[in-house]
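Trainee: Provided below are the primary sequence and the corresponding predicted coordinates.
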Amino acid sequence: MAAPAEDMGGWRDIRAYLKSAGFRFAALFAGLFLAAILGFALMLWWGTAGTLSRQLDDVIRADAIGLQEAWRGGGTAAVKDAIGERLAVDIDDHSIYLLMDEAGNRLAGNLDRWPRAAEIPGSWSADTVRRDGIAVPARMYHLPLAGGHRVLIGRDAADREKLRALLSEALLWSFAVAVAFALAGAAALRRALADRLRAASATAGAIAAGDLSRRVPLSMQRDEFDHLGESMNAMLDRIDQLMIGIKGVSDSIAHDLRTPIARARMRLENALLSAPDEESLRAAMETTVADLDGISRVFQALLRIAEAEAGARRAAFAPFDLAVVLTDAVEVYGALAEERGQHLETSWPEKLTMVGDRDMVLQAIANLLDNAVKFTPEGGTIRLRAGVPARGKREIIVRDEGPGLAAEDRARAGERFFRADPSRALPGSGLGLSLVKAVAALHGGELRLGDGQPGAARPGLEARLELSSRA
Amino acid sequence: MDMPWVLALLVFLPAVAVAQQAAPRLISDSPEYCIELSGRFSALQIEAPTHLRVLAEEGRQLCAEGQTRSGIAKLRRALKEAQRGE
């Protein structure tokens, strides 16, 4: 009873084989190869056997024209003479002529009777005639003359047929060899494809099974398969980074939020157990509410980053004037900088229209200014500039006079909860630049960080936020 | 022998015979044609060169000996060469 299932399995294997890309490529190769060979054979045939046939017909046609002229000039007698003359000097003995009158009487020529295949006036025919009892192929033309007379003009086509037979045989053998080569080539091509894809397939299988460390091995050939392998490896590296990032974010959320929650809980507990009066209890609760607001803000920032990264806010894109948004941001942070004794220098064109999410862009600018205010010392200068660096682009540059960021920290500056060592003592969640980076990506741009004053003891930080002005 | 084979042969063999009969025959290799060509050579307007006359004579001789095709070929060659000279 197991036989039918096995049969089905075998049939399925055959179908899978026929559907495989390797087989299809191989079949395409074999088809093209055979088509090329066939084209070559046709050209060869046309150039040899075809030319001979055409030449034979041309000779007969010229002969017919000559006899027709003779008929017009001298009637039956002239045609008889012409035929006699032509046969008399036909050293190769290839010519065939037969002149008959309206009653079917043979008047001249070297054929004993009219062939059946050439009955239709004006027709060409290929028939056999007997020479010494042996049938030989002949090409003939029926030329009708006035008064019911008719003349048959032909040539012995044995040589042509011999050449055709030889050529046919040679082409047949050539085609058989070509088929063998095509099949062998197709098989080799299929095998080569399967061999080159095996490594990628094995890697994909291992990754599907859970081994994310596997990568596609690359050959030294630098061909399309290696490019595919490189792309797959780059994709896997990216997935790996994202996985590490997600794990890091989870760890960071757990770590960064555990402390304020535990602090809030302890404060409430202490107040509950040992608050001397209602006033102390109220003060403890107010502080706890502020702590919880801080936690809520962290979650809010995380949600906004997630929204920006997912592109969910793209539906809210609308035209707005970036200059107005910058002015709004400066109103808040200008006052803050003034409080700290810092100078805020600004410069941007009167109008900077673009399409995007106004609130998100404002938030990103605010985050950059917030960092600049936080890290610039008293008496320092913060520079905020904006402009059009290229067609379809908008750029916002915030430069501070703080300690700046080391190169390795700059690379990690957009990661969630990342805080460089000098900033750990300052308030903040490590989500500010993550949001700026996400907003830049949402607007088809990027965030670039560099030294504000390269080479200086306190190089400061220059943040260039580039955005696309079109949705 | 099975009956179908016998029937097939009965039908096929006469058909082959009819086909052989039906093919027209070339008659330019007969002794009469030899004589006709010889007459044509003799009737040429100008005196043919000696080697052509010898060639024609060889052709006649071959025809007389029954080697008609060879004789006709020689006579034709002689005629063609002679006409070229005319």
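Mentor: Sure thing, it's come through.
Trainee: Report how many residues lie close to residue 46.
Mentor: You didn't say which chain, so I picked chain A. The criterion is other CB atoms under 10 Å in any protein chain shown. On that basis, A:Trp46 has 12 neighbouring residues. Backbone N, C-alpha and C define where each C-beta goes, glycine included.
Trainee: try again with chain B
Mentor: Residues near B:Ile46, counting by other CB under 10 Å, number 8.
Trainee: Doesn't it belong to a helix?
Mentor: No. Assessed by DSSP: H, G, I helix; E, B strand; the rest coil, B:Ile46 does not belong to a helix; its assignment is coil.
Trainee: can you pull the contacts of residue 29?
Mentor: By default, I'm working from chain A. The contact partners of A:Phe29, by CB atoms under 8 Å, 6 or more residues apart in numbering or on different chains, come to A:182, A:185-186, A:189.
Trainee: my question was about chain B
Mentor: When contacts are taken as CB under 8 Å, 6+ apart, B:Asp29 is in contact with A:93, A:131-132, B:68-69, B:72.
Trainee: mind running it again at 7 Å?
Mentor: Remark: with contacts taken as CB atoms under 7 Å, 6 or more residues apart in numbering or on different chains, B:Asp29 is in contact with A:132, B:68-69, B:72.
Trainee: Likewise for A:Trp124?
Mentor: Contacts were defined as CB under 7 Å, 6+ apart; by that measure A:Trp124 touches A:Tyr141.
Trainee: Please name the bridge partners of it.
Mentor: Taking DSSP bridges, one finds A:Tyr141 as the beta-bridge partners of A:Trp124.
Trainee: per-residue confidence for it?
Mentor: The per-residue pLDDT reported for A:Trp124 equals 95.
Trainee: now the helices: where do they sit in chain B?
Mentor: Under the criterion DSSP state H, helices of chain B are mapped to B:3-22, B:31-42, B:50-64, B:68-85.
Trainee: still on that earlier bit, and the contacts of B:Asp29 as JSON lines, adding neighbour count?
Mentor: Formatted as JSON lines, the contacts of B:Asp29 follow (neighbours: other CB atoms under 10 Å in any protein chain shown):
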{"residue": "A:Asp132", "neighbour count": "10"}
{"residue": "B:Thr68", "neighbour count": "20"}
{"residue": "B:Arg69", "neighbour count": "15"}
{"residue": "B:Ile72", "neighbour count": "27"}
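Trainee: Have a look at these and tell me the least confident one.
Mentor: A:Asp132 (82).
Trainee: quick one, what contacts that one?
Mentor: With CB under 7 Å, 6+ apart as the criterion, the residues that contact A:Asp132 are B:Asp29.
Trainee: now it: how far from A:Phe317?
Mentor: Shown here: A:Asp132 relative to A:Phe317, a distance of 98 Å by CB to CB, to the nearest Å.
Trainee: can you list contacts of stretch A:441-457?
Mentor: By CB under 7 Å, 6+ apart, the surrounding residues in contact with stretch A:441-457 are A:308-309, A:311, A:313-314, A:356-357, A:360, A:399-401, A:404-405, A:410, A:413-414, A:436-437, A:440, A:459-468.
Trainee: out of the residues you listed, which are inside strands?
Mentor: Those of the contacts of stretch A:441-457 mapping onto strands are A:356, A:399, A:461-468, per DSSP state E.
Trainee: ok, the residues you listed vs chain B, which is closest?
Mentor: A:Ser468 (87.0 Å; CB to the nearest CB).
Trainee: I'd say that closest one and A:Arg391 touch.
Mentor: No. With contacts counted by CB atoms under 7 Å, A:Ser468 stays clear of A:Arg391, the gap being 10.6 Å.
Trainee: These two - which one has more neighbours?
Mentor: Using other CB under 10 Å, the more surrounded residue of A:Ser468 and A:Arg391 is A:Ser468, with 16 against 6.
Trainee: Model confidence at the more buried one, what's the number?
Mentor: At A:Ser468, pLDDT is 93.
Trainee: check contacts around whichever residue of the stretch 151-300 of chain A sits closest to chain B.
Mentor: Nearest residue of the stretch 151-300 of chain A to chain B (CB to the nearest CB) works out as A:Asp156 at 8.5 Å. Applying CB under 7 Å, 6+ apart to A:Asp156 gives the contacts A:94, A:96, A:136, A:138.
Trainee: count of residues packed around the residue nearest to it when sequence neighbours are not counted?
Mentor: Nearest residue to A:Asp156 in three dimensions, chain neighbours excluded: A:His94, at 4.3 Å (CB to CB, 6 or more residues apart in numbering or on different chains). Summarising burial for A:His94: neighbours were counted as other CB under 10 Å, giving 16.
Trainee: pretty sure A:His94 contacts A:Gly154?
Mentor: No. With contacts counted by CB under 7 Å, A:His94 stays clear of A:Gly154, the gap being 9.1 Å.
Trainee: Which one of the contacts of A:Phe29 sits in the busiest neighbourhood?
Mentor: For these, counting by other CB under 10 Å, the largest number of neighbours falls to A:Ala182: 22 neighbours.
Trainee: for A:Val439, what are its contacts?
Mentor: When the contact criterion is CB under 7 Å, 6+ apart, the partners of A:Val439 are A:308, A:360-361, A:363-364.
Trainee: give me that answer again for 10 Å
Mentor: Contact criterion CB atoms under 10 Å, 6 or more residues apart in numbering or on different chains gives A:304-305, A:308-309, A:313, A:356-357, A:359-365, A:367, A:445, A:447, A:465, A:467 as the residues in contact with A:Val439.
Trainee: go on, A:Asp293?
Mentor: A:Asp293 makes contacts with A:Gln300, as judged by CB under 10 Å, 6+ apart.
Trainee: check which helix or strand covers it.
Mentor: With elements delineated by DSSP states H and E, A:Asp293 resides in helix A:278-310, which encompasses its position.
Trainee: Distance from that helix to the middle of the chain?
Mentor: Taking the mean C-alpha point of helix A:278-310 and that of its whole chain, the gap between them comes to 48 Å (CA atoms, centre = their mean, to the nearest Å).
Trainee: next one: stretch A:78-88
Mentor: Computed by CA atoms, centre = their mean, the chain-centroid distance of stretch A:78-88 equals 74 Å.
Trainee: Can I get that stretch in PDB, CA atoms only?
Mentor: These are the backbone C-alpha positions of stretch A:78-88, laid out as PDB (Å, rounded to 0.1, in the frame of the first residue of the first chain):
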ATOM      1  CA  ALA A  78      12.500  27.300 -84.900                       C
ATOM      2  CA  VAL A  79      11.800  25.700 -81.500                       C
ATOM      3  CA  LYS A  80      12.700  22.200 -82.900                       C
ATOM      4  CA  ASP A  81      16.000  23.600 -84.200                       C
ATOM      5  CA  ALA A  82      16.800  25.300 -81.000                       C
ATOM      6  CA  ILE A  83      16.100  22.200 -79.000                       C
ATOM      7  CA  GLY A  84      18.200  20.100 -81.400                       C
ATOM      8  CA  GLU A  85      21.100  22.600 -81.100                       C
ATOM      9  CA  ARG A  86      21.000  22.700 -77.400                       C
ATOM     10  CA  LEU A  87      20.900  18.900 -77.000                       C
ATOM     11  CA  ALA A  88      23.700  18.500 -79.500                       C
END
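Trainee: Could you count how many residues lie near A:Met100?
Mentor: Around A:Met100 sit 20 other residues, with neighbours defined as other CB under 10 Å.
Trainee: Quick check: phi and psi on it?
Mentor: Main-chain dihedrals, A:Met100, degrees, to the nearest 10: phi -130, psi 150.
Trainee: Spit out the contact partners of it.
Mentor: Taking CB under 10 Å, 6+ apart as the contact definition, A:Met100 lies against A:106-109, A:111, A:113-114, A:145, A:148-152.
Trainee: got a pLDDT number for it?
Mentor: If you check A:Met100, the pLDDT there is 95.
Trainee: With B:Pro4 instead?
Mentor: Per-residue confidence for B:Pro4 comes out at a pLDDT of 53.
Trainee: Show me which residues of chain B sit near chain A.
Mentor: By the rule CB under 10 Å from any CB of the partner chain, the part of chain B lying against chain A is B:19-30, B:33, B:36-37, B:40-41, B:68-69, B:72-84.
Trainee: hmm, 8 Å instead?
Mentor: B:20, B:22-29, B:33, B:36-37, B:40, B:69, B:72-73, B:76-77, B:79-80, B:83 (CB under 8 Å from any CB of the partner chain).
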